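S.K.: From the sequence below, what's the structure:
(one chain, ligands or ions: 1)
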Amino acid sequence: MDYRKETMDIFDQSASKQYREKDDHLVGHGSRQHYCEIVRELSGGFGKKINVLDLGCGTGRYFHCLRNVKRLMGIDISAHMLDLARDPVKSKQIDVEDIELRCGDIYSLELPDQSFDLIYSIGVVGEYSPINNVFLDKLSGLLAPKGRLFFTVVDVYSRFQMPENKQASFTRRALRKFFPLLPPFAKKSLNRALSSFYMTDRELTALLRKSQFATFNVSRFEHPSGWQGAHLDCLAEKHDKVGGAAATVARRGADTPQENTLVVFSLPEQQG
Ligand SMILES: C[S@@+](CC[C@H](N)C(=O)[O-])C[C@H]1O[C@@H](n2cnc3c(N)ncnc32)[C@H](O)[C@@H]1O
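M.R.: Reported below is the predicted structural model:
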């Protein structure tokens with residue numbers, strides 16, 4: 001099945017409602033607190049008013065964490081999730097001048113280059129949707145010089161997830177129970193079978209090395225409660241204007257000498 005259709009099925013009306021209810025109950029705890037702090041620090045760290053893009057914004061769980069934001073665009077493929085983002089958690093605390101919500105696929109984005117200072121995507125790519133270099137380069141193009149991208153992917157060694165609106169079958173319940181006892185290669189194969197978008201930190205690092213981003217950092221976040229798994233948190237920064245693109249080409253050329261500068265425009269393989 002097409003992952004877009006699958007995602008829209010997962011985040012149907014009832015699952016979206018459950019998701020939004022959890023926003024209210026769990027705000028300030030566990031992973032919500034972790035990602036809220038990241039969004040707050042990143043957005044507040046530019047020292048000026050910024051424009052922000054939230055890819056797969058869902059119910060707008062992290063809108064209230066944003067600081068110093070002039071314009072926020074939230075994009076999501078689920079109309080039900082997006083509907084709920086019109087009245088997100090802690091809405092009274094949201095301090096953004098202008099919010100635009102768009103229903104659509106993040107891979108079909110058609111926006112002018114250098115439109116944003118910060119792009120973030122939490123719980124979306126490397127989970128429900130794939131991530132590859134074509135997409136990363138597109139995001140780099142959407143960022144202003146020195147712009148920042150923060151996103152998460154699911155670590156492939158994590159215990160696999162259940163769609164929120166699905167009853168767990170006996171087999172799935174059993175697999176979940178015994179998952180921690182499995183050797184790493186079995187964990188990886190099982191998760192690959194269930195979600196081909198999950199990644200190892202090596203795969204993610206390789207992807208970022210090939211990207212146009214000047215610097216990046218990947219760290220592992222083990223969820224303290226709820227879902228028992230880990231996300232790989234990735235923060236990448238775009239080069240500033242002078243010499244950035246040339247430096248990227250040179251670095252890529254060194255990594256893959258046979259491909260030389262053409263690699264910048266090549267279509268990389270999809271992960272998974
Ligand atoms: C787990 S939710 C995360 C929502 C929000 N980022 C958060 O952290 O609460 C995943 C969201 O990503 C959206 N999504 C997944 N793939 C997408 C795609 N290709 N284009 C747009 N939205 C997508 C889903 O519809 C869903 O709302």
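S.K.: which one's the longest strand in this protein?
M.R.: Identified as the longest strand of the chain according to DSSP state E is strand 143-154.
S.K.: Sheet partners, orientation included, of it?
M.R.: Neighbouring strands of strand 143-154 in its sheet, by DSSP bridges, are strand 116-121 (parallel), strand 230-237 (antiparallel).
S.K.: winner for burial among these?
M.R.: Greatest average neighbour count among the strands paired with strand 143-154 goes to strand 116-121 (a mean of 24), per mean count of other Cβ atoms under 10 Å. Every residue, glycine included, has its C-beta placed from N, CA and C.
S.K.: does the ligand sit close to that one?
M.R.: No. Figure legend: strand 116-121 not in contact with the ligand (Cβ under 6 Å from any ligand atom); closest approach 6.7 Å.
S.K.: ok, and what's touching that strand?
M.R.: Outside strand 116-121, the residues that touch it by Cβ atoms under 8 Å, 6 or more residues apart in numbering are 39, 42-43, 46, 50-56, 62, 73, 106, 139, 142-144, 147-152.
S.K.: Run the chain-centre distance for it.
M.R.: 10 Å (Cα atoms, centre = their mean, to the nearest Å).
S.K.: likewise stretch 215-234?
M.R.: Stretch 215-234 has its average C-alpha position 11 Å from the chain's average C-alpha position, going by Cα atoms, centre = their mean.
S.K.: Get me the contact residues on the protein for the ligand.
M.R.: Counting by Cβ under 6 Å from any ligand atom, the chain sits next to the ligand at 4, 7, 11, 56-58, 61, 75-78, 81, 105-107, 122-124, 128-129.
S.K.: Mind checking which of these are in strands?
M.R.: Taking DSSP E, the ones among the residues of the chain next to the ligand that sit in strands are Ile75, Asp76.
S.K.: Of the residues of the chain next to the ligand, keep whichever come out buried.
M.R.: Among the residues of the chain next to the ligand, the ones that count as buried by 16 or more other Cβ atoms under 10 Å are 4, 7, 11, 56-58, 61, 75-78, 81, 106-107, 122-124, 128-129.
S.K.: For whatever residue of the chain ends up closest to the ligand, which non-adjacent residue is closest in space?
M.R.: As assessed by Cβ to the nearest ligand atom, the ligand sits closest to Gly58 within the chain, at 2.6 Å. Once flanking residues are discounted, Gly58 sits nearest to Met81: 4.6 Å by Cβ to Cβ, 6 or more residues apart in numbering.
S.K.: which of the residues in stretch 101-112 are buried?
M.R.: Leu101, Ile106, Tyr107, Leu109.
S.K.: wait, which of these is closest to Phe179?
M.R.: Proximity to Phe179 was ranked across the buried residues of stretch 101-112 by Cβ to Cβ; first place goes to Ile106, at 29.4 Å.
S.K.: Contacts only, for that closest one.
M.R.: Per Cβ under 8 Å, 6+ apart, neighbours of Ile106: Leu55, Gly56, Ile75, Ile77, Ser121, Val124, Val125, Ser129, Phe135.
S.K.: Mind pulling up the pLDDT for the closest residue to the third one other than its chain neighbours?
M.R.: If the residues on either side of it in the chain are set aside, Ile75 comes closest to Arg102, at 4.9 Å by Cβ to Cβ, 6+ apart. At Arg102 the predicted local confidence, pLDDT, stands at 97.
S.K.: can I assume Arg102 sits in a helix?
M.R.: No. Counting by DSSP: H, G, I helix; E, B strand; the rest coil, Arg102 falls outside a helix, being strand.
S.K.: if I've got this straight, Phe216 is in a strand?
M.R.: Yes. Assessed with three-state DSSP, Phe216 lies in a strand.
S.K.: right, and it touches Cys234 too?
M.R.: Yes. The pair Phe216 / Cys234 is scored as a contact, 6.3 Å apart, by Cβ atoms under 8 Å.
S.K.: what touches both of those two?
M.R.: Counting by Cβ under 8 Å, 6+ apart, the residues touching both Phe216 and Cys234 are Leu208.
S.K.: List the contacts of stretch 57-67.
M.R.: 11, 16, 19-20, 23, 32, 35-37, 39-40, 43-44, 52, 54, 72, 74-76, 78, 81-82, 84-86, 88-91, 93-96, 99, 101, 120, 122-123.
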